[in-house]
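Peer 1: Structure, please.
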Amino acid sequence: MAAPFTSAAKNKLLDHVTGRVRWEPNLRVALGIDDAGTVTEISGNGYARANPTGAFGAASGGAASITELDVLWPVADPASWGIPDRVAYFDTDGTQVTAWEPVTIEEVAAGVRARIPAAGIAGAFASITLTDPA
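Peer 2: Purely as a prediction, here's the structure:
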């Protein structure tokens, strides 16, 4: 089951396909917390969206998968990021493209790095693992 695209993303894609505008989303991967159906992105404590450039394999069956490289976030510093229960794609304009609940949910404690391993996003689901930054 794939995660749904947001209405804003659908509109941008349709405008691109119909030639009205050029859309090069240059996706970033974000961690967030579900707030009554809206994803509230984590902020502070060294957080920044992850750049999956070079990580996407060829699309197949209507889905793109991150198969080539790990997706890494910075180290949570100086405090925890809490327990992210959503992973989301954003384009460079800040438009949320899609979001979904990860298969594995853990606290991102101070001093650790959140990571989605290569092949960890297949279609629309991911497991977030935590690694020692060293």
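
Peer 1: if I look at Val87, how far off is Gly62?
Peer 2: The gap separating Val87 from Gly62 is 19 Å, by C-beta to C-beta, to the nearest Å. C-betas here are computed from N, CA, C, even on glycine.

Peer 1: The two: which is more packed in?
Peer 2: Between Val87 and Gly62, counted using other C-beta atoms under 10 Å, Val87 has the larger neighbour count: 28 against 7.

Peer 1: So that one is in contact with Ile116, correct?
Peer 2: Yes: taking contacts as C-beta atoms under 8 Å, Val87 lies within contact range of Ile116: 7.4 Å.

Peer 1: quick one, helices of the chain?
Peer 2: 7-17 (DSSP state H).

Peer 1: residues in contact with the residue nearest to the spatial centre of the chain?
Peer 2: When C-alpha atoms, centre = their mean is applied to the chain, the residue found nearest the centroid is Val29 (2.7 Å). By C-beta atoms under 8 Å, 6 or more residues apart in numbering, the contact set of Val29 is Arg49, Ala50, Asn51, Pro52, Val71, Val87, Ala88, Tyr89, Phe90, Ile116.

Peer 1: what's around the nearest residue to the last one once chain neighbours are set aside, how many residues?
Peer 2: So the one you mean is Ile116. Counting by C-beta to C-beta, 6 or more residues apart in numbering, the nearest residue to Ile116 once its immediate chain neighbours are dropped is Val71, at 4.3 Å. As a burial measure, Val71 scores 22 neighbours (other C-beta under 10 Å).

Peer 1: distance of Val71 from Pro25?
Peer 2: Val71 sits 16 Å away from Pro25, going by C-beta to C-beta.

Peer 1: May I ask you to confirm that Thr6 is in contact with Phe90?
Peer 2: No: using C-beta under 8 Å as the test, Thr6 is too far from Phe90 to be in contact (10.0 Å).

Peer 1: what do these two both touch?
Peer 2: Listed as contacting both Thr6 and Phe90 by C-beta under 8 Å, 6+ apart are Gln96, Val97.

Peer 1: These two: which has the busier surroundings?
Peer 2: Phe90 (22 against 17).

Peer 1: Now the longest strand along the chain: buried residues?
Peer 2: Assignment by DSSP state E gives strand 28-35 as the longest strand of the chain. For strand 28-35, the neighbour count (16 or more other C-beta atoms under 10 Å) marks Arg28, Val29, Ala30, Leu31, Gly32 as buried.
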